[in-house]
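>>> sequence first, then the predicted structure:
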Amino acid sequence: MSGPRSGSDDESALVRAVASGSTDALAELYDRHADSIFATVMRGTDDRQLAEEVVQDTFLALWDRAELFDPAMGSLGTWLRTIARNRTIDRLRAAGRRPRLVSAEDGATRALDADALDRAAAMGNIVGGAGRGPDPEGRLERVELREAIAAAVRAMPDDERTVIVLAYQDELTQAEIAERLGWPLGTVKTRTRRALRRLRAALGEQVDPDDEPATGDGD
């Protein structure tokens with residue numbers, strides 16, 4: 001007898017069912033991902049009605065284009081959040097608006113979740129020695145590093161905090177960040193570089209001084 005399917009296999013099966021016209025499968029995927037998509041949209045706008053509309057747009061896109069999902073290219077959640085971000089950009093542009101910056105009042109717990117802090121800690125171009133094993137000392141160091149990164153992110157100017165949040169929370173490229181915020185790519189690169197340097201300064205010996213962040217044109 002075969003073992004239980006992994007979560008990704010289960011979701012791929014549900015997407016295939018959606019492609020075949022199953023509304024039950026669509027409802028199941030909605031229940032699993034709607035809250036995450038709503039939260040993703042709300043990080044770019046404080047308009048709850050717009051966020052709710054984008055959630056509906058995203059699942060309508062899944063219903064219409066389920067056959068385009070390729071699990072080999074990434075998770076369903078990532079695919080849906082990408083659709084949601086694109087829909088958000090389209091709606092804000094149509095309304096002549098831009099996504100809001102992440103303010104210090106949001107706090108690091110909202111600005112970056114635990115997974116995003118782990119991704120930031122694990123990136124070799126920011127933090128050296130992040131590959132410690134699962135021993136108790138290594139786990140403690142990772143928790144302390146998370147807290148240090150969160151504090152450093154809170155202390156950043158809004159524009160620098162925003163590029164870090166979009167890079168590590170939403171996993172956007174610099175080009176995608178530029179498109180989302182309506183900033184020149186050189187500006188995004190410069191603000192990313194400044195933000196990474198602030199992290200280096202705040203984390204001191206916990207960072208690898210030999211790694212330089214990507215450079216770009218200034219603003």
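Perfect, thanks for sending it. The structure displayed is predicted, hence computed values, not measured ones.

>>> can you give me the domain assignment for the chain?
Listed domain ranges for the chain are 7-94, 104-206 (source: automatic domain parsing).

>>> among those domains, which gets the worst mean confidence?
When those are compared by mean pLDDT, domain 104-206 comes last with a mean of 72.

>>> buried residues of whatever helix or strand Glu53 lives in, list them for me.
Here Glu53 sits within helix 48-65, counting by DSSP states H and E. Across helix 48-65, burial judged by 16 or more other C-beta atoms under 10 Å covers Leu50, Ala51, Val54, Val55, Asp57, Thr58, Phe59, Ala61, Leu62, Trp63. To be clear about C-beta, it is placed using only N, CA and C from the backbone, and glycine gets the same treatment.

>>> do the same with stretch 180-187
For stretch 180-187, a neighbour-count test (16+ other C-beta under 10 Å) marks Arg180, Leu181, Trp183, Thr187 as buried.

>>> circling back: now the buried residues of helix 48-65 in a markdown table, with distance to Phe69?
Converted to a markdown table, the buried residues of helix 48-65 look like this (distance: C-beta to C-beta, whole Å):
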| residue | distance to Phe69 |
| --- | --- |
| Leu50 | 25 |
| Ala51 | 22 |
| Val54 | 18 |
| Val55 | 17 |
| Asp57 | 16 |
| Thr58 | 12 |
| Phe59 | 13 |
| Ala61 | 10 |
| Leu62 | 8 |
| Trp63 | 12 |
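
>>> tell me the one of these nearest Ala202?
Ala51 (31.9 Å; C-beta to C-beta).

>>> and the closest one, what is it in contact with?
Phe38, Val41, Met42, Thr45, Thr88 (C-beta atoms under 8 Å, 6 or more residues apart in numbering).

>>> looking at these, which are in helices?
Under the assignment DSSP state H, the contacts of Ala51 contribute Phe38, Val41, Met42, Thr88 to helices.

>>> got CSV for those residues, with neighbour count too?
Listed next are those as CSV, based on neighbours: other C-beta atoms under 10 Å:
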residue, neighbour count
Phe38, 16
Val41, 25
Met42, 18
Thr88, 26
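
>>> out of those, what pair is the most spread apart?
Phe38 and Thr88 (11.0 Å).

>>> could you give the angle of the helix or strand where Thr82 lies to helix 48-65?
Element membership for Thr82, per DSSP H and E: helix 76-94. Going by axes from the mean of the first three to the mean of the last three C-alpha atoms, to 10 degrees, helix 76-94 is angled at 120 degrees with respect to helix 48-65.

>>> counting by contacts, list what helix 76-94 packs against.
Helix 76-94 is packed against helix 7-19, helix 23-42, helix 48-65, helix 174-181, with contacts defined by 3 or more C-beta pairs under 8 Å, 6 or more residues apart in numbering; DSSP states H and E.

>>> who touches it?
Contact with helix 76-94 is made by 8, 11-12, 15, 29, 33, 36-37, 40-41, 44-45, 50-51, 53-55, 57-59, 61-62, 69, 73, 98-99, 170-172, 176, 179-180, as judged by C-beta under 8 Å, 6+ apart.
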